[in-house]
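In: Model the following, please.
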Amino acid sequence: MQLNRISRNLIVALSMTGTTTMAQQAPAEKNPLLQQYQTAFKVPPFASILPEHFMPAFEEGMKAQQQRIAAIVSQRAVPTFQNTIVALESSGEQLRNVSTVFFNLTSAHTNPELEAISRQIAPRMAQHSDDIYLNAGLFAKVKQVYDQQGKQRLTAEQQRLLEKTYKAFVRSGANLDAAKQTKMREINKELSLLTVRFGQNLLAETNHYELIIDKQEDLAGLPPSLVAAAAASAKEAGKEGKWRFTLHNASVMPFLQYSQQRALREKMYKAYTNRCNNGDERDNKEIVSRLATLRAEKAALLGYASHADFVLEENMAKTPAQANELLNRLWNAALPVAKQEAAEMQQVMDREGKNEKLEAWDWFYYADKVRKEKYNYDAEALRPYFQLENVREGIFAVARKLYGITFSPLKDIPVYQQDVVAYEVKEANGQHIGVIYMDFFPRSSKRGGAWMTSYRKQATDKGGRIAPVVSIVCNFTKPTAAEPALLTPDEVETFFHEFGHALHGLLSNVKYETLSGTSVPRDFVELPSQIMEHWAFEPQVLQLYAKHYKTGALVPAEMVEKMKAASKFNQGFATVEYLAASLLDMNYHTIKAGQPIDPLTFEKQQMDKLGLISQIAPRYRSTYFQHIFAGGYSAGYYSYIWSEVLDSDAFAAFKETGNIFDPATAQSFRKNVLEKGGTAEPMDLYKAFRMRAPEVKFLLKNRGLDTN
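Out: Numbers count the residues shown, from 1 in each chain. Model (predicted):
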């Protein structure tokens, strides 16, 4: 559920998400990336964009930005907010346009050509960013505006942009001496390459592994939908008549939950938890070690105690100590619950008389057994009621009820892959808001997980509001020849989550792109996404979309009650595996400069120190922890739980009115959170909505961890 953000002040981060090839140079007049888009809503003309267009477009974009920056530096007029800060803000428009298309494609629909370009452009983009933020003449102009801000009549949003711009220079090393700036450039170049390699290795590893089953008896326990999908996957791979299971979540997770073949569960689990840890060309251990070390060195250069201190200074948590305080409080509440869950599963195993000890590859399987035994609840039985298209219409209905917005399908709009669909988003009065793309199914060209991203962010210019173009990308269960795409409850929740991010981008209403939509601290950005999850299974909402794909019958009330009763089941496990990963992230990024790291040893030491039980692994182990080593969440994976404090408290505001669609509460959330982007401090935005600070009690209650 990762957010893929492309921000004009984080050009270095752009080089960390993937990209294209260095083919022959395409003439500028024939390069669609260098022309005004002549498409509906001015979306990228995907069909016309070829790999060979990217390098010339990147080169031209960097050249154009440097020329505009040179003009800012050389101007004789006294530096002002308009001629310096706004001029800098708009200087990279062409480069941003190229970057958004390129990096989104390398995440959602890559190929060997794009990956080759990614490795080539990463150090170039790192150098380009350094050339901006380490430009002494430019920083002098920015600093002069910053130092004279009290003498200028700036709006609150202008003040915020000025502060963010100034800090971006300082935090990039503008105040360092020449020797340290040279070292900073070397570190940034290497970081950019390592993050690209990490992500490409993980995608290759996920695509490489397959478990082929050719005996019917080895399918015992697997639901028909999964068997059909595995048969289709085998056929696509040229192995018709067999069944193919992969490390994509839509395949591996239900296999672990339902397969009665313990040896095969173990095989799949070990393959999944040892991704990029097999001593081959896709191994990520050295990359992890080097990334952690370089980040510590960079933080030390800038005068910070650790990379986490550097990152969290700009987040709501402010310090590693405050983030860890929440994580440890929840850990102490969740670990005993997880141990009790393990004991219950062991009892089931003992009753079966197999004389086996519960292992990590047994957890999903026996958790499902205990869930059925305690609650008579089978998540698989809900699939027929969660047809993808119906869930999508349900999500649209929720957005309409909350914010009065509508969604109309766009049939002839350019898309980057044939399965992608697009919708125009409008206000209740018909006013255009933006465009949303939706890309649902796994493929070898797409990285794992789910995320929201933008092709154009909202801003305001002389012509008025610039409408955003956003996209949500998922890896849901694919349709088969016999059935449409039927989602699991987890996939439904993921859909609501990413749609919440999309609303944050779509409903943004600010002036400057740098402050637009999701351009907020990591530990605040998950509030709009996670609050949407709360509506997913509310009875009133289920009535909008949970209809049997064959009969059209609404999901029975008794099934809903069983789901609700079982909702807190296995929360010890869910909380512990997440917290283990969050604490691992914080531990990697609080090491000191020069401290050597062996990832496997380091990971084991940290988990042993926490007392993590052997039946649970961190949600992401080091070698495939893409969020923190290739996804922009370094020292920030805690953000999901931090934001869960906010979203649990925020949804309680709706509940307290007696109406989960309460118009006044929805309007307040839209005006104070969704529309504001990064124009104010996150806690100030939250308090403007809730009229008080958030309370952790609602999170504990929702997770069943409240001991009071």
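In: Now stretch 601-619 - C-alpha only, CSV.
Out: The C-alpha coordinates for stretch 601-619 follow below in CSV (Å, rounded to 0.1, in the frame of the first residue of the first chain):
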residue,chain,number,x,y,z
THR,A,601,23.1,-10.8,11.5
PHE,A,602,21.7,-7.4,12.1
GLU,A,603,18.1,-8.4,11.4
LYS,A,604,18.4,-11.5,13.7
GLN,A,605,19.9,-9.4,16.5
GLN,A,606,17.1,-6.8,16.3
MET,A,607,14.4,-9.4,16.3
ASP,A,608,15.9,-11.4,19.1
LYS,A,609,16.2,-8.2,21.1
LEU,A,610,12.5,-7.6,20.6
GLY,A,611,11.6,-11.1,21.5
LEU,A,612,9.9,-11.9,18.2
ILE,A,613,8.6,-15.4,18.2
SER,A,614,9.9,-17.9,15.6
GLN,A,615,6.5,-18.4,14.0
ILE,A,616,6.4,-14.7,12.8
ALA,A,617,8.8,-12.9,10.5
PRO,A,618,8.8,-9.2,9.9
ARG,A,619,6.3,-8.3,7.2
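In: ok, residues contacting that stretch?
Out: 273, 331, 335, 338-339, 342, 358-360, 362-363, 573, 576-578, 580-581, 583-584, 587-588, 621-622 (CB atoms under 8 Å, 6 or more residues apart in numbering). Backbone N, C-alpha and C define where each C-beta goes, glycine included.
In: Tell me if I am right that Arg244 is in a helix.
Out: No. Under DSSP: H, G, I helix; E, B strand; the rest coil, Arg244 falls outside any helix and is assigned strand.
In: from memory it sits against Ala234, does it?
Out: Yes. Counting by CB atoms under 8 Å, Arg244 touches Ala234, with 3.9 Å between them.
In: Common neighbours of those two, please.
Out: Residues touching both Arg244 and Ala234 by CB under 8 Å, 6+ apart: Ile212.
In: So which of the contacts of stretch 601-619 sit within strands?
Out: Among the contacts of stretch 601-619, no residue falls in strands (DSSP state E).
In: So which of the residues you listed belong to helices?
Out: 273, 331, 335, 338-339, 342, 363, 573, 576-578, 580-581, 583-584, 587-588 (DSSP state H).
In: in stretch 432-445, what counts as buried?
Out: The neighbour-count check on stretch 432-445 (16 or more other CB atoms under 10 Å) flags 433-442, 445 as buried.
In: typo on my end, stretch 245-252
Out: Neighbour-count burial for stretch 245-252, counted by 16+ other CB under 10 Å, picks out 245-252.
In: Determine which two of the residues you listed are furthest apart.
Out: Of all pairs drawn from the buried residues of stretch 245-252, the greatest distance, 11.7 Å, lies between Phe245 and Asn249 (CB to CB).
In: For burial, what's the neighbour tally of the closest residue in space to Asn97 that isn't next to it in sequence?
Out: The spatially closest residue to Asn97, leaving aside those adjacent along the chain, is Leu33, at 6.9 Å (CB to CB, 6 or more residues apart in numbering). By other CB atoms under 10 Å, the residues close to Leu33 number 24.
In: sorry, back to before: among the ones in helices among the contacts of stretch 601-619, the buried ones, what's the PyMOL command?
Out: In PyMOL syntax, the buried subset of the ones in helices among the contacts of stretch 601-619 is picked out as below (16+ other CB under 10 Å):
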select buried, resi 273+331+335+338+339+342+363+573+576+577+578+580+581+583+584+587+588
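In: Now Val696. Nearest residue, chain neighbours left out?
Out: Closest to Val696 by CB to CB, 6+ apart is Val645, at 5.2 Å.
In: Touching the helix or strand hosting that neighbour from outside, list them.
Out: Using DSSP states H and E, Val645 sits within helix 639-656. Contacts with helix 639-656, where a contact means CB under 8 Å, 6+ apart, come from 1, 315-317, 323, 326-327, 330, 522-527, 529-531, 533-534, 578-579, 582, 633, 660-662, 665-666, 669, 686, 689-690, 694-696, 698-699, 701-702.
In: circling back to that earlier point, relative to Leu705, how far out is the residue nearest to Val696?
Out: Per CB to CB, to the nearest Å, Val645 is found 12 Å from Leu705.
In: quick one, which of these two is more surrounded?
Out: Per other CB under 10 Å, whichever of Val645 and Leu705 has more neighbours is Val645, with 23 against 19.
In: mind checking how far that one is from Leu330?
Out: Val645 is 10 Å from Leu330, by CB to CB.
In: where exactly do the helices run in the stretch 451-600 of the chain?
Out: Counting by DSSP state H, counting those that start in this stretch, one finds helices in the stretch 451-600 of the chain at the ranges 489-506, 522-533, 539-545, 557-566, 571-588, 599-610.
In: Tyr377 is nearest to which of those?
Out: Closest among the helices of the stretch 451-600 of the chain, using CB to CB: helix 557-566, at 4.1 Å.
In: Residues touching that closest one, excluding its own?
Out: Taking CB under 8 Å, 6+ apart as the rule, helix 557-566 contacts 371, 374-377, 379, 381-382, 385, 489, 537, 539, 542.
In: Give me the next element, helix or strand, following the worst-scoring helix or strand of the chain on mean pLDDT.
Out: Lowest by mean pLDDT, DSSP states H and E among the helices and strands of the chain is helix 11-14, with a mean of 32. Remark: after helix 11-14, the chain's next helix or strand is helix 54-74, criterion DSSP H and E.
In: list the contacts for Gly61?
Out: Residues near Gly61 by CB under 8 Å, 6+ apart: 92, 94-99.
In: would you list every one of the strands in the protein?
Out: Counting by DSSP E, the strands of the chain are 2-3, 211-213, 243-245, 406-409, 421-426, 432-439, 451-456, 459-461, 464-466, 469-473.
In: Asn570: neighbour count?
Out: 20.
In: give me every residue that touches it.
Out: Here Asn570 is in contact with 341, 367, 371 (CB under 8 Å, 6+ apart).
In: So the nearest residue to the first one once chain neighbours are set aside versus Asp706, what's the distance?
Out: What it means is Glu341. Among residues not flanking Glu341 along the chain, Gly572 sits closest, at 4.9 Å (CB to CB, 6+ apart). From Gly572 over to Asp706 the distance is 13 Å, taken as CB to CB.
In: So which of the two has more stuff around it?
Out: Neighbours per residue, other CB under 10 Å: of Gly572 and Asp706, the larger number sits with Gly572, 23 against 14.
In: shouldn't that one be in contact with Ala338?
Out: Yes. Under the contact definition of CB under 8 Å, Gly572 touches Ala338, with a separation of 3.4 Å.
In: Need the overlap of contacts for the two.
Out: The contact sets of Gly572 and Ala338 do not overlap (CB under 8 Å, 6+ apart).
In: Give the ranges of residues in the chain that sit below the confidence cut-off.
Out: 1-28, 707-708 (pLDDT under 70).
In: What is the burial count for the residue lying closest to His501 once chain neighbours are set aside?
Out: Spatial nearest neighbour of His501, chain neighbours left out: Met452 (3.5 Å); criterion: CB to CB, 6+ apart. Applying other CB under 10 Å, we find 29 other residues in the vicinity of Met452.
In: ok, now how distant is Met452 from Glu498?
Out: 5 Å.
In: hey, what's in contact with both of the two?
Out: Common neighbours of Met452 and Glu498 (CB under 8 Å, 6+ apart) are 472-473, 529.
In: possible to save the residues you listed as CSV with neighbour count and distance to Ala229?
Out: Formatted as CSV, the shared contacts of Met452 and Glu498 follow (neighbours: other CB atoms under 10 Å; distance: CB to CB, whole Å):
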residue, neighbour count, distance to Ala229
Ile472, 23, 22
Val473, 23, 19
Ser529, 26, 27
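In: For stretch 204-224, give the distance from the opening residue to the closing one.
Out: End-to-end span of stretch 204-224 (CA to CA, to the nearest Å): 28 Å.
In: Just the buried residues of that stretch, please?
Out: Residues of stretch 204-224 classed as buried by neighbour count (16+ other CB under 10 Å): 205-207, 209, 211, 213, 218-219, 222-223.
In: Same check on stretch 106-117?
Out: Buried residues in stretch 106-117, counted by 16+ other CB under 10 Å: 106-110, 113-117.
In: Stretch 552-563 too?
Out: Those would be 554-555, 559-560, 562-563, for stretch 552-563 by 16+ other CB under 10 Å.
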